[in-house]
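Enquirer: Got a sequence here, can you model it:
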Amino acid sequence: GGVTGLLMVNHAEAAARAHGLVDGVVLDSGAEVTHAVPVLRGRRVRGAVAPLGVGGEDVSELVSAALYSAERRFAPQRHFAAGPVKEYHAFVPVSPGDERSNNLDPSRHSADYSPQHKQQQQQHHHHPHPVFTLPDGSLLPLPRDALTAPEILFTLDPSYPLPGFPDLILSAASRVPDSPEARRAV
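Expert: Numbers count the residues shown, from 1 in each chain. Presented below is the predicted three-dimensional model:
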(Lines give C-alpha, C1' and ligand atoms only; values in the text may rest on other atoms or scores of the structure.)
Protein backbone atom coordinates (compact mmCIF):
# COMPACT_ATOMS: atom_id res chain seq x y z
CA GLY A 1 0.00 0.00 0.00
CA GLY A 2 0.75 3.57 -0.46
CA VAL A 3 -1.03 6.79 0.05
CA THR A 4 -4.50 6.50 -1.42
CA GLY A 5 -5.33 10.17 -1.29
CA LEU A 6 -4.12 13.57 -0.22
CA LEU A 7 -6.10 16.67 0.56
CA MET A 8 -4.33 19.97 1.07
CA VAL A 9 -6.46 22.71 2.52
CA ASN A 10 -5.73 26.11 3.98
CA HIS A 11 -6.17 25.96 7.76
CA ALA A 12 -8.29 29.15 7.83
CA GLU A 13 -10.70 27.56 5.35
CA ALA A 14 -10.75 24.38 7.44
CA ALA A 15 -11.37 26.34 10.65
CA ALA A 16 -14.33 28.18 9.11
CA ARG A 17 -15.81 24.93 7.77
CA ALA A 18 -15.32 23.22 11.13
CA HIS A 19 -17.67 25.85 12.58
CA GLY A 20 -20.19 25.45 9.79
CA LEU A 21 -19.28 28.74 8.12
CA VAL A 22 -18.55 29.51 4.49
CA ASP A 23 -18.16 33.27 5.01
CA GLY A 24 -16.29 34.97 7.83
CA VAL A 25 -12.94 36.10 9.16
CA VAL A 26 -10.66 33.58 10.86
CA LEU A 27 -8.11 34.85 13.38
CA ASP A 28 -4.93 32.80 13.15
CA SER A 29 -2.73 33.70 16.11
CA GLY A 30 0.75 32.18 16.12
CA ALA A 31 3.84 32.71 18.23
CA GLU A 32 4.93 35.99 16.64
CA VAL A 33 2.14 37.16 14.36
CA THR A 34 -1.63 37.05 14.08
CA HIS A 35 -3.46 37.11 10.76
CA ALA A 36 -7.09 37.97 10.04
CA VAL A 37 -8.01 35.72 7.11
CA PRO A 38 -11.27 36.51 5.28
CA VAL A 39 -13.06 33.41 3.99
CA LEU A 40 -15.68 33.90 1.30
CA ARG A 41 -17.76 31.04 -0.12
CA GLY A 42 -15.47 28.59 1.71
CA ARG A 43 -12.24 29.94 0.21
CA ARG A 44 -9.56 32.22 1.63
CA VAL A 45 -9.50 35.65 -0.02
CA ARG A 46 -5.80 35.83 -0.91
CA GLY A 47 -5.25 39.58 -1.18
CA ALA A 48 -7.29 40.43 1.87
CA VAL A 49 -5.27 38.75 4.66
CA ALA A 50 -4.31 41.34 7.30
CA PRO A 51 -1.28 40.72 9.56
CA LEU A 52 -0.71 41.97 13.11
CA GLY A 53 2.76 41.72 14.64
CA VAL A 54 1.46 40.44 17.98
CA GLY A 55 1.19 36.80 18.96
CA GLY A 56 1.55 34.27 21.74
CA GLU A 57 5.13 35.22 22.58
CA ASP A 58 3.95 38.75 23.37
CA VAL A 59 1.36 37.36 25.76
CA SER A 60 4.04 35.15 27.38
CA GLU A 61 6.28 38.18 27.86
CA LEU A 62 3.46 40.11 29.56
CA VAL A 63 2.72 37.15 31.85
CA SER A 64 6.41 36.82 32.72
CA ALA A 65 6.76 40.56 33.43
CA ALA A 66 3.63 40.56 35.61
CA LEU A 67 4.89 37.57 37.61
CA TYR A 68 8.24 39.30 38.10
CA SER A 69 6.63 42.59 39.18
CA ALA A 70 4.39 40.85 41.69
CA GLU A 71 6.91 38.44 43.22
CA ARG A 72 10.54 39.40 42.64
CA ARG A 73 11.69 36.53 44.89
CA PHE A 74 10.57 34.11 42.14
CA ALA A 75 12.48 35.94 39.39
CA PRO A 76 14.44 32.89 38.11
CA GLN A 77 11.29 30.74 38.02
CA ARG A 78 9.00 33.25 36.32
CA HIS A 79 10.00 32.03 32.86
CA PHE A 80 9.19 28.43 33.87
CA ALA A 81 5.77 29.52 35.10
CA ALA A 82 4.89 31.92 32.26
CA GLY A 83 3.97 29.19 29.74
CA PRO A 84 1.65 27.12 31.97
CA VAL A 85 0.12 30.26 33.50
CA LYS A 86 -0.64 31.60 30.01
CA GLU A 87 -1.99 28.29 28.71
CA TYR A 88 -4.13 27.29 31.69
CA HIS A 89 -4.89 30.40 33.74
CA ALA A 90 -4.93 33.48 31.50
CA PHE A 91 -8.23 34.65 30.03
CA VAL A 92 -10.01 37.53 28.39
CA PRO A 93 -12.94 38.75 30.53
CA VAL A 94 -16.37 38.09 29.03
CA SER A 95 -17.24 41.77 29.34
CA PRO A 96 -14.46 44.34 28.81
CA GLY A 97 -13.16 45.56 32.16
CA ASP A 98 -15.16 42.92 34.08
CA GLU A 99 -12.64 41.16 36.27
CA ARG A 100 -15.09 41.03 39.19
CA SER A 101 -16.89 37.97 37.86
CA ASN A 102 -15.87 34.35 38.40
CA ASN A 103 -12.84 34.92 36.20
CA LEU A 104 -10.65 35.53 39.25
CA ASP A 105 -12.11 32.65 41.27
CA PRO A 106 -9.09 30.48 42.21
CA SER A 107 -10.97 27.24 41.51
CA ARG A 108 -11.46 28.35 37.89
CA HIS A 109 -7.70 28.34 37.47
CA SER A 110 -6.77 24.86 38.74
CA ALA A 111 -5.63 23.29 35.50
CA ASP A 112 -4.76 19.63 35.46
CA TYR A 113 -1.01 19.65 34.79
CA SER A 114 -0.55 16.43 36.75
CA PRO A 115 -2.36 14.59 39.58
CA GLN A 116 0.21 16.02 42.03
CA HIS A 117 -0.32 19.58 40.79
CA LYS A 118 -4.10 19.19 40.94
CA GLN A 119 -3.85 17.96 44.54
CA GLN A 120 -1.61 20.92 45.47
CA GLN A 121 -4.02 23.37 43.82
CA GLN A 122 -6.95 21.84 45.76
CA GLN A 123 -5.00 22.14 49.02
CA HIS A 124 -4.53 25.85 48.32
CA HIS A 125 -8.11 26.48 47.15
CA HIS A 126 -8.64 28.64 50.23
CA HIS A 127 -5.98 31.07 48.98
CA PRO A 128 -7.63 34.47 48.26
CA HIS A 129 -6.07 34.71 44.78
CA PRO A 130 -5.23 32.15 42.12
CA VAL A 131 -1.82 30.54 42.69
CA PHE A 132 0.60 28.48 40.65
CA THR A 133 2.54 25.71 42.38
CA LEU A 134 6.20 25.72 41.43
CA PRO A 135 8.18 22.45 41.19
CA ASP A 136 9.66 23.00 44.67
CA GLY A 137 6.14 23.33 46.14
CA SER A 138 6.32 27.11 46.57
CA LEU A 139 3.18 29.04 45.75
CA LEU A 140 3.42 31.79 43.17
CA PRO A 141 0.45 34.18 43.51
CA LEU A 142 -0.98 35.04 40.10
CA PRO A 143 -1.53 38.78 39.76
CA ARG A 144 -4.44 40.15 37.74
CA ASP A 145 -2.04 41.46 35.06
CA ALA A 146 -0.71 37.94 34.44
CA LEU A 147 -4.21 36.46 34.20
CA THR A 148 -5.52 39.12 31.81
CA ALA A 149 -2.40 39.32 29.59
CA PRO A 150 -4.28 38.01 26.50
CA GLU A 151 -6.20 41.30 26.45
CA ILE A 152 -3.22 42.77 24.53
CA LEU A 153 -4.61 40.97 21.50
CA PHE A 154 -7.93 42.83 21.78
CA THR A 155 -7.24 46.22 23.31
CA LEU A 156 -3.66 47.36 23.00
CA ASP A 157 -2.04 50.06 25.05
CA PRO A 158 -2.57 53.41 23.25
CA SER A 159 1.22 53.86 23.11
CA TYR A 160 1.54 50.52 21.31
CA PRO A 161 1.85 51.13 17.55
CA LEU A 162 -0.42 48.27 16.45
CA PRO A 163 -4.21 47.80 16.36
CA GLY A 164 -6.02 45.08 18.28
CA PHE A 165 -8.13 42.23 16.88
CA PRO A 166 -11.26 44.31 16.21
CA ASP A 167 -9.36 46.73 13.96
CA LEU A 168 -7.51 43.83 12.33
CA ILE A 169 -10.79 42.10 11.46
CA LEU A 170 -12.23 45.30 9.98
CA SER A 171 -9.06 45.85 7.97
CA ALA A 172 -9.21 42.33 6.51
CA ALA A 173 -12.93 42.57 5.73
CA SER A 174 -12.45 45.92 3.98
CA ARG A 175 -9.79 44.35 1.72
CA VAL A 176 -12.22 41.83 0.25
CA PRO A 177 -12.32 42.97 -3.39
CA ASP A 178 -15.49 41.20 -4.55
CA SER A 179 -18.27 43.65 -3.69
CA PRO A 180 -19.81 45.51 -0.74
CA GLU A 181 -22.22 42.57 -0.33
CA ALA A 182 -19.28 40.17 -0.09
CA ARG A 183 -17.62 42.41 2.51
CA ARG A 184 -20.83 42.34 4.58
CA ALA A 185 -20.92 38.53 4.32
CA VAL A 186 -17.37 38.35 5.66
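
Enquirer: now this structure, which segments are flagged as low pLDDT?
Expert: Counting by pLDDT under 70, the chain has low-confidence residues at 74-78, 93-129, 155-163, 178, 181, 183, 186.

Enquirer: the helices in it, which residues?
Expert: Secondary structure of the chain (DSSP state H): helices located at 11-18, 56-70, 78-88, 115-123, 144-147, 165-174, 180-185.

Enquirer: what's the longest one packed up against?
Expert: Which is helix 56-70. Secondary-structure packing of helix 56-70 (3 or more C-beta pairs under 8 Å, 6 or more residues apart in numbering; DSSP states H and E): helix 78-88, helix 144-147. Backbone N, C-alpha and C define where each C-beta goes, glycine included.

Enquirer: how near is the most centrally placed residue in the chain to P141?
Expert: Per C-alpha atoms, centre = their mean, the C-alpha nearest to the average position across the chain is that of P150, at 5.3 Å. Here the criterion is C-beta to C-beta, to the nearest Å. By it, P150 lies 19 Å from P141.

Enquirer: R184 now?
Expert: The gap separating R184 from P141 is 47 Å, by C-beta to C-beta.

Enquirer: Mind checking which of these two has more residues around it?
Expert: It is P141, of R184 and P141, that has more neighbours when counted by other C-beta atoms under 10 Å, with 15 against 10.

Enquirer: list the contacts for V37?
Expert: N10, A12, V25, V26, L27, D28, R44, V45, V49, A172 (C-beta atoms under 8 Å, 6 or more residues apart in numbering).

Enquirer: and it, bridged to which residues?
Expert: Beta-bridge partners for V37, by DSSP bridges, are V26.

Enquirer: Most tightly packed of the helices and strands packed on helix 56-70?
Expert: helix 144-147 (a mean of 20; mean count of other C-beta atoms under 10 Å).

Enquirer: helices or strands next to that one in the packing?
Expert: Against helix 144-147 (3+ C-beta pairs under 8 Å, 6+ apart) you get helix 56-70.

Enquirer: The helix it packs on to helix 78-88, inter-axis angle?
Expert: Angle, helix 56-70 to helix 78-88, by axes from the mean of the first three to the mean of the last three C-alpha atoms, to 10 degrees: 120 degrees.

Enquirer: neighbouring contacts of helix 56-70?
Expert: Here helix 56-70 makes contact (C-beta under 8 Å, 6+ apart) with 29-32, 74-75, 78-79, 81-83, 85-86, 90, 140-143, 145-146, 149-150, 152-153.

Enquirer: Mind doing that once more with 6 Å?
Expert: Residues from elsewhere that reach helix 56-70 (C-beta atoms under 6 Å, 6 or more residues apart in numbering): 31-32, 75, 78-79, 81-82, 85-86, 143, 145-146, 149-150.

Enquirer: Perfect, I'm done here.
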